[in-house]
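Chemist: starting from these lines, generate the structure:
(2 chains)
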Amino acid sequence: MLKKSTNKSAKKEANKGAIVDAAAKKRRALKAEAQHFTFMGIPVADPAVKPRGTTVKKIREAVAAVRKSA
Amino acid sequence: MARSRRDALNVFVNAPFDPAYDPLLEAMVFMIHAAGFRARCALEENDSGDIRLDKLVRLIDESPRSIHDLSRIKPVRQQASELPRFNMPFELGLCMGARRFSASHRHDKIKIMVSEPYKLPEYLSDLGGNDPDAHHENPHQVLMIVRDFLQTARRGKPLPGRTALVGAFDRFKRAVPKIAEGIEHGAGEIGVRQNFPTFVWCLTEFLKGAQD
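Modeler: Below is the predicted model:
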């Protein structure tokens, strides 16, 4: 009986560690992604209204193409 | 995506909307977004059913900061009469009134610009105690004035210096025609005045991840 309970708490501790690691990994990924949304380290705010006559996706693709060709 | 609430990042832009002023307006909007803020102005909506004054009041209400360029308050030669343009002082008056009469706007920040120094008292003596900045019709000077205005309100990372900002602004100006081509528009179709919403989206996407 004691062995079972020890295994259970050990398993719980191991899972807790895994959950903390996964959360830390996700935070690091989000932080890395956010670096791409800054201008010289300053976060860039999205405009208040949608673009007119086109889409955000098309604008992103066009800007990416210009940046690549530069 | 559309926001209708007061946001600390909103900066209301009160400036002339005419072709001659476009370079200065581009610089102003560029600097606002480069500093991490969001430019708001009457050009962002094209709703004929929206009464102009209601739109202005809403924009001012949503923006704790505002920038006003009074450099066009001078007689405009027209066929029948010479009338200066009063919209800019009127909108400045709305912001000043909000700051004085509304508790929620008490800490709003206002920046006034003119073309030449010491010109303000001549035509707006009620603001004689204020100290506007003169841009001398120079877009790079507009960049610096807006930068210095937003720098004092910002906590955290300091804004880049003149050389870096001017370089980035000039690079963006050169990129606009190519971006326009990429979204199947003519270069003049996504100008700051012609299509403000698309212009600012092109600008913000350009700024994101832009290198020094």
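Chemist: run a quick neighbour tally on residue 20.
Modeler: Reading this off chain A. For A:Val20, the neighbour count with other CB atoms under 10 Å in any protein chain shown is 10. The way it works is simple: take the backbone N, C-alpha and C, and place the C-beta from them, glycine included.
Chemist: my bad, chain B
Modeler: B:Ala20: 9 neighbours (other CB under 10 Å).
Chemist: same question, A:Lys11
Modeler: Neighbours of A:Lys11 (other CB under 10 Å): 10.
Chemist: for B:Leu92, same thing?
Modeler: Count around B:Leu92 with other CB under 10 Å applied: 20.
Chemist: thought it was touching B:Lys111?
Modeler: No - B:Leu92 is beyond contact range of B:Lys111, at 10.3 Å (criterion: CB atoms under 8 Å).
Chemist: for whatever residue of chain B ends up closest to chain A, give me the pLDDT.
Modeler: Closest residue of chain B to chain A, CB to the nearest CB: B:Gly182 (2.7 Å). For B:Gly182, the model assigns a pLDDT of 94.
Chemist: who are the contact partners of it?
Modeler: A:58, A:61-63, A:65-66 (CB atoms under 8 Å, 6 or more residues apart in numbering or on different chains).
Chemist: of the residues you listed, which is the most crowded?
Modeler: That'd be A:Val63 among the contacts of B:Gly182, by other CB under 10 Å, with 25 neighbours.
Chemist: thinking it is in contact with B:Ala180, fair?
Modeler: No - if you go by CB under 8 Å, A:Val63 and B:Ala180 don't touch, sitting 11.0 Å apart.
Chemist: rewinding a little: what touches both of B:Leu92 and B:Lys111?
Modeler: B:His68.
Chemist: which SS state does the closest residue to B:Cys41 other than its chain neighbours fall under?
Modeler: In this structure, B:Cys41 finds its nearest non-sequential neighbour in B:Val13, 4.1 Å apart by CB to CB, 6 or more residues apart in numbering or on different chains. What DSSP: H, G, I helix; E, B strand; the rest coil gives for B:Val13 is strand.
Chemist: who touches both of A:Val63 and B:Ala180?
Modeler: Common neighbours of A:Val63 and B:Ala180 (CB under 8 Å, 6+ apart) are B:Cys202.
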